[in-house]
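1. Sharing a sequence plus its predicted fold:
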Amino acid sequence: MTDVPRRGPRIAHVGIAVRALDEILPFYRDILGLPDVPLDDADGARIAGLAAGESLVELLEAESPDSPIGKFVAKRGPGIHHICFAVDDLDATLARCRAAGVRLIDETPRLGAEGKRIAFLHPGATAGVLVELTDP
């Protein structure tokens, strides 16, 4: 059995809730020059992916007002919705969260927009920041 090299936690992406992709996408793509990264839509959101170095920016537009992004924009307006950290061992990290009493939104990992396993932590346990964890 070969040892899998560990990279340590790192920012995988930042999710930004927007009112309309077509209004803000030109800023990130055309003015800042971030290249498009094809992503599947997920969790009731249309998603535009953009590469920012080794990380992604996910622009998230609600497909309906009652989706998580729709509710977020209605309550808080557009802005940073979440930060996602890639961790070497998602299951072990979630176990450490449980052992430390960190409130989880997703008790078990599920598939996210990039086809990777993800889990969200409750912002009440992370200084008001919605944190997503994912496999590398």
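-> Yep, that arrived.
2. What is the end-to-end distance of stretch 43-56?
-> With C-alpha to C-alpha, to the nearest Å applied, stretch 43-56 spans 18 Å between its terminal residues.
3. mind starting the numbering at 177 from now?
-> Happy to do that; since the first residue is 177 now, the last one works out to stretch 219-232.
4. So which helix or strand of this protein has the lowest pLDDT on average?
-> strand 286-287 (a mean of 94; mean pLDDT, DSSP states H and E).
5. What strands flank that strand, and is each parallel or antiparallel?
-> Using DSSP bridges, strand 286-287 pairs in its sheet with strand 293-297 (antiparallel).
6. what sits up against the helix or strand just after the partner strand?
-> From strand 293-297 onward toward the C-terminus, using DSSP states H and E, the following helix or strand is strand 307-310. Contacts of strand 307-310 with the rest of the structure, by C-beta atoms under 8 Å, 6 or more residues apart in numbering, involve 188, 191, 258-263, 266, 269-270, 288, 290, 292-297, 299. (Each C-beta comes from the backbone N, C-alpha and C, glycine too.)
7. For L270, which phi and psi angles does the backbone take?
-> Per-residue torsions, L270: phi -60, psi -40 (degrees, to the nearest 10).
8. show me what contacts it?
-> For L270, the contact set (C-beta under 8 Å, 6+ apart) comprises L280, T284, P285, A295, L309.
9. Now list the buried members of those.
-> Among the contacts of L270, those buried by neighbour count (16 or more other C-beta atoms under 10 Å) are P285, A295, L309.
10. Need these in a markdown table (columns: pLDDT and distance to I207).
-> Formatted as a markdown table, those follow (pLDDT from 0 to 100; distance: C-beta to C-beta, whole Å):
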| residue | pLDDT | distance to I207 |
| --- | --- | --- |
| P285 | 97 | 36 |
| A295 | 98 | 34 |
| L309 | 98 | 31 |
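11. Can you list phi and psi of R205 for me?
-> For R205, the backbone dihedrals (degrees, to the nearest 10) come out as phi -80, psi -50.
12. For T269, which non-adjacent residue is spatially closest?
-> Of all residues not flanking T269 in the chain, V263 sits nearest, at 4.5 Å (C-beta to C-beta, 6 or more residues apart in numbering).
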